[in-house]
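>>> What would the 3D arrangement of this be:
(one chain, ligands or ions: 1)
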Amino acid sequence: MNERLKKIIDLIPNGAFSLDIGCDHALLDIALVKEKKMKKVIASDNKEGPLLKAKENIAKAKCEDQITLTLADGLDAYQEGVNTVIISGMGGYSILGILKRRKDLLKKIETLILSPNNYVPFVRSSVGKLGFKIVDEYLIQDKNIIYTILKFQRGKEKLTKKDALLGPILRKRRENIFIEQLERERKGRVLLLSLLPKSFFKKRRQVQRELKWILSEQKK
Ligand SMILES: C[S@@+](CC[C@H](N)C(=O)[O-])C[C@H]1O[C@@H](n2cnc3c(N)ncnc32)[C@H](O)[C@@H]1O
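Residues are numbered from 1 along each chain as shown. Reported below is the predicted structural model:
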């Protein structure tokens, strides 16, 4: 169990009825039963290969009574009573696609735990527009990659572009990993500006604006 999955488990409310979309090996779901004593978990994936591996792991861990495995696309795996949805290890656009495709079911969800592999600012601002607000967020480093884990709950919030980029809670907490992430983001943008042709006005202006926000955050 890597640190990213451990943090996701920490963020899931005790006693939740959770649906893990894209469960792959189902290690997270097994830990929810074993460590958080969850009595009912749905682990779903849209491919048979991962589900076969998940089935084997669940049998080894003797969690068949608590974990329901489902072959389904995104929120189609929803069952009445599910109040928490976990989607981790997918791209930001895929996560948003999954949430938007079944807005009828999304209405029934109280908590979302999302860990996008990319486009984190886009996920922060877009999920906010679907009727959720960020209540917690963490950065977790695993082998030189820094992952973001976002916890949303039903509610309203108007994020500034700077908060969407850097994380409203990360900015307040200012942990060492956030400072490290800021430096990575700064270097990335400096490099991008050196590579972007001058004719890409709009893109250059956007990167310059983000660089300004990053530098001002670093000065705090
Ligand atoms: C990289 S794995 C992530 C596994 C695990 N959630 C984690 O964070 O380590 C992504 C999984 O999502 C599944 N997946 C991708 N799109 C999906 C969708 N629309 N619905 C359900 N599962 C999906 C893939 O088959 C794959 O098993």
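>>> Identify the residues contacting Ile146.
Taking C-beta atoms under 8 Å, 6 or more residues apart in numbering, we find Ile146 in contact with 139-140, 177, 180-181, 184. C-beta here means a position set from N, CA and C on the backbone, and glycine is covered the same way.
>>> State the distance from it to Phe152.
To Phe152, Ile146 is 20 Å away according to C-beta to C-beta, to the nearest Å.
>>> Repeat that for Leu170.
For Leu170, the distance to Phe152 (C-beta to C-beta) stands at 15 Å.
>>> quick one, which of these two is more surrounded?
Of the pair Leu170 and Phe152, Phe152 is the one with more neighbours under other C-beta atoms under 10 Å, namely 26 against 22.
>>> Bridged to the more buried one, which residues?
Leu112, Ile134 (DSSP bridges).
>>> So it is in contact with Thr111, correct?
Yes: taking C-beta atoms under 8 Å as the contact criterion, Phe152 and Thr111 are neighbours in contact, 7.0 Å apart.
>>> Output the set of residues of this structure in proximity to the ligand.
Residues of the chain that fall close to the ligand, judged by C-beta under 6 Å from any ligand atom: 21-24, 44-47, 50, 73-74, 88-90, 94, 98.
>>> so of these, which ones are in helices?
50, 94, 98 (DSSP state H).
>>> Columns distance to Ile30 on top of the residues you listed, output as CSV?
As requested, those are exported to CSV (distance: C-beta to C-beta, whole Å):
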residue, distance to Ile30
Pro50, 14
Ser94, 24
Ile98, 22
